[in-house]
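Participant: have a look; sequence and predicted model below, questions after that.
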Amino acid sequence: MNSISNPIPVTEEADWQQLLSHTVDDPAELLKLLDLPASLLNGARQGSDLFSLKVPKPFLQRIEKGNPNDPLLRQILPLDAESADIPGYVTDPLAEMAANHSDGLIHKYHGRVLLILSGACAVNCRYCFRRHFPYQDNRLGSGQWQQVLEYLNANKSITEVIFSGGDPLATSDKRLCRMITDLEEIPHLKRLRIHTRLPIVIPQRVTSELTTLFANSRFDIAMVLHANHANELDQQVEQASADLRTANVTVLNQAVLLKGVNDSLAALTDLSEKLFHFGILPYYLFTLDPVKGAAHFDIPDEQAIALHQQLQATLPGYLVPKLAREIPGKGSKTLLF
Ligand code: SF4
């Protein structure tokens, strides 16, 4: 990769909250920063009107200048293709609205509940299955926290709490600390899982306060990161992963199989190998959820299975993520192979 000549300096000490509040959200600015042709602007504006552009500077720095096909750019650049109305692609592909127990709490799998801590993300991924999700009505406000604790206390079969979003790590360390402390008082809870893309797109999010909180928790903690391409993994992500592992956090990755991003044996191999080199285990490779606006990323099942078979033939088993999809109403993920 020809790395870009640093359009916006980001120091290692840059504050994650500053980086989170100063993302690039104007299509014209994005094209200018990345030396991309002005012919992309109309489409980018159309796509951005449907789901806004949002990209933080540390992620932007990993995109190759002047390359409209850069695999990281494709994940964040809005396109006019997003306005296409394709049968089968819907606004709530996982039927999450029906699974909501109360605002911010989703209980659809045995033994686990998912809490939507924050509607905010550090990056707007164009293929996101929650791109139409009404976060304003469904995230956990401070008023609902007591209700959630009561629900968890009363359901002794629940052993794991999953922090989700948006991105749960968009929440401050102070609030996370209060929540984790309250949850630790519920004796039947054993594990905490955090689904987040923040340590990938803004690695500065892994603060010493956060790792101290994890290191001192009685929970077994798993953090499931989300990177789709090896170019997303730079030296700062490596440091963030090392800090998490030092705090006894098990670090996993889930990726989405995306046309034009990682739909080749070489791209998937590089991703798995680099993840492992950074101490992160490849966990899931998901097929695209059929969300309205993202059909141009989809890959036929036969091609997904063929790629996965090639991965299995070339890599040791621990580097091969499970190829899966989520089907609304099913009690677990469905493996494709
Ligand atoms: S970070 Fe996750 S939840 Fe947020 S837009 Fe990207 S895929 Fe969606």
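Facilitator: Happy to help now that I have it. Residues are numbered from 1 along each chain as shown.
Participant: rest of the way, CA atoms for contacts and neighbours
Facilitator: Will do.
Participant: which stretches of this protein aren't confidently modelled?
Facilitator: Applying pLDDT under 70 to the chain flags the ranges 1-13, 97-102, 135-138, 331.
Participant: all strands of it, in order?
Facilitator: Using DSSP state E, the strands assigned to the chain run over residues 100-102, 105-109, 112-118, 160-165, 191-195, 220-226, 249-256, 281-286, 322-325, 334-335.
Participant: what about the helices in the stretch 201-337 of the chain?
Facilitator: Shown for the stretch 201-337 of the chain, the helices assigned by DSSP state H, counting those that start in this stretch span residues 208-215, 235-246, 265-277, 301-314.
Participant: relative to the ligand, how far out is the closest residue in space to residue 182 that isn't next to it in sequence?
Facilitator: Nearest residue to residue 182, sequence neighbours excluded (Cα to Cα, 6 or more residues apart in numbering): residue 149, at 7.9 Å. From residue 149 over to the ligand the distance is 24 Å, taken as Cα to the nearest ligand atom, to the nearest Å.
Participant: how many residues are close by residue 149?
Facilitator: Neighbourhood size, residue 149 [other Cα atoms under 10 Å]: 15.
Participant: with residue 29 instead?
Facilitator: So residue 29, with other Cα under 10 Å, has 12 neighbours.
Participant: quick one: it and the ligand, what's the gap?
Facilitator: For residue 29, the distance to the ligand - Cα to the nearest ligand atom - is 20 Å.
Participant: what residues does the stretch 51-200 of the chain put near the ligand?
Facilitator: Contacts of the stretch 51-200 of the chain with the ligand, taken as Cα under 6 Å from any ligand atom, map to 121, 123, 124, 125, 128, 130, 165, 166, 167, 197.
Participant: phi, psi of the closest residue in space to the third one that isn't next to it in sequence?
Facilitator: Taking Cα to Cα, 6+ apart, and ignoring the residues beside it in sequence, residue 124 has residue 54 as its nearest neighbour in space, at 5.1 Å. Backbone torsions of residue 54, given as degrees, to the nearest 10, read phi -160, psi 120.
Participant: correct me if wrong: residue 54 contacts residue 25.
Facilitator: Yes. Under the criterion of Cα atoms under 8 Å, residue 54 makes contact with residue 25 at 4.7 Å.
Participant: which of these two has more neighbours?
Facilitator: The residue with more neighbours, out of residue 54 and residue 25, is residue 54; 24 against 16, by other Cα under 10 Å.
Participant: please report how far residue 264 lies from residue 257.
Facilitator: To residue 257, residue 264 is 9 Å away according to Cα to Cα, to the nearest Å.
Participant: in terms of packing, which of the two has more residues around it?
Facilitator: Between residue 264 and residue 257, counting by other Cα under 10 Å, residue 257 is the more crowded of the two (23 against 18).
Participant: re earlier: and of the strands of the chain, who's closest to residue 178?
Facilitator: Evaluated with Cα to Cα, the strands of the chain place strand 112-118 nearest to residue 178, the distance being 12.6 Å.
Participant: which strands or helices does that closest one pack on?
Facilitator: On a contact count with 3 or more Cα pairs under 8 Å, 6 or more residues apart in numbering; DSSP states H and E, strand 112-118 meets strand 105-109, strand 160-165.
Participant: for the first one, name the packing helices and strands.
Facilitator: When contacts are defined as 3+ Cα pairs under 8 Å, 6+ apart, strand 105-109 packs onto helix 96-99, strand 100-102, strand 112-118.
Participant: go on, the last one?
Facilitator: Packed against strand 160-165 by the contact rule (3+ Cα pairs under 8 Å, 6+ apart) you find strand 112-118, strand 191-195.
Participant: if I look at the residue of the chain most remote from its centre, how far off is the ligand?
Facilitator: Residue farthest from the centre of the chain, counting by Cα atoms, centre = their mean, is residue 154 at 30.3 Å. Distance, residue 154 to the ligand, by Cα to the nearest ligand atom: 29 Å.
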